[in-house]
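> Build the 3D model from these lines:
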Amino acid sequence: MGKLYYLLGNDTTIILSERMAALHKADYMFIKVVALDPATNYRGNFYRARANSALDPDASQGLAKPYYYSTATLVESKADPRYNVVLTECYTYLGFYYLLKDDNVNSLLYWNKILNLDPNNGSAKKAKAGIEKFMKTKI
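Numbers count the residues shown, from 1 in each chain. Alright, predicted model coming up:
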């Protein structure tokens, strides 16, 4: 049900208020998924992150931050490259979030984590280069 509400919340053919209501319902459903298995199943928090990211598309409120962070923490503990796509999504959000908050140190941390997974990730390379250039001009 949560994924269906999430998809409905991202359907641009539906009016905004209905999309927002669907995303809130998705988040509620994923709260229940988290409660079923918080220690080993990352999917509940991962989809909570996605739903909250859709509710806050410019990340100005950071609604998705705690859920992307929780997902990353759990998935990192698995130490399995099959989850690199999930980690990349989490790290991208977190890197962007910290960049918006002018926290360049934490932003760089997450862009570097992406580059550790995928040294050719163009977005991470650009973000890292931009932040480093900005930080050098501040010295």
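> Please tell me how far Ala49 sits from Leu117.
Distance, Ala49 to Leu117, by C-beta to C-beta, to the nearest Å: 18 Å. Where C-beta positions appear, they are placed from N, C-alpha and C, glycine not excepted.
> So for the two, which sits in the more crowded spot?
Ala49 (28 against 16; other C-beta atoms under 10 Å).
> got the CA coordinates for the top helix by length along the chain in PDB?
Looking across the chain with DSSP state H, the single longest helix is helix 16-36. Output of helix 16-36 as PDB, limited to C-alpha atoms (Å, rounded to 0.1, in the frame of the first residue of the first chain):
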ATOM      1  CA  LEU A  16      -1.200  18.900  -5.800                       C
ATOM      2  CA  SER A  17      -3.400  18.500  -2.700                       C
ATOM      3  CA  GLU A  18      -4.300  14.900  -3.600                       C
ATOM      4  CA  ARG A  19      -0.600  14.100  -4.300                       C
ATOM      5  CA  MET A  20       0.400  15.600  -0.900                       C
ATOM      6  CA  ALA A  21      -2.300  13.600   0.800                       C
ATOM      7  CA  ALA A  22      -1.100  10.400  -0.900                       C
ATOM      8  CA  LEU A  23       2.500  11.100   0.200                       C
ATOM      9  CA  HIS A  24       1.400  11.500   3.800                       C
ATOM     10  CA  LYS A  25      -0.500   8.200   3.600                       C
ATOM     11  CA  ALA A  26       2.600   6.600   2.100                       C
ATOM     12  CA  ASP A  27       4.700   7.900   4.900                       C
ATOM     13  CA  TYR A  28       2.200   6.500   7.400                       C
ATOM     14  CA  MET A  29       2.300   3.100   5.800                       C
ATOM     15  CA  PHE A  30       6.100   3.000   5.800                       C
ATOM     16  CA  ILE A  31       6.100   3.800   9.500                       C
ATOM     17  CA  LYS A  32       4.300   0.500   9.900                       C
ATOM     18  CA  VAL A  33       6.900  -1.300   7.700                       C
ATOM     19  CA  VAL A  34       9.700   0.100   9.900                       C
ATOM     20  CA  ALA A  35       7.900  -1.100  13.100                       C
ATOM     21  CA  LEU A  36       7.800  -4.700  11.700                       C
END
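> I appreciate the help and will end here.
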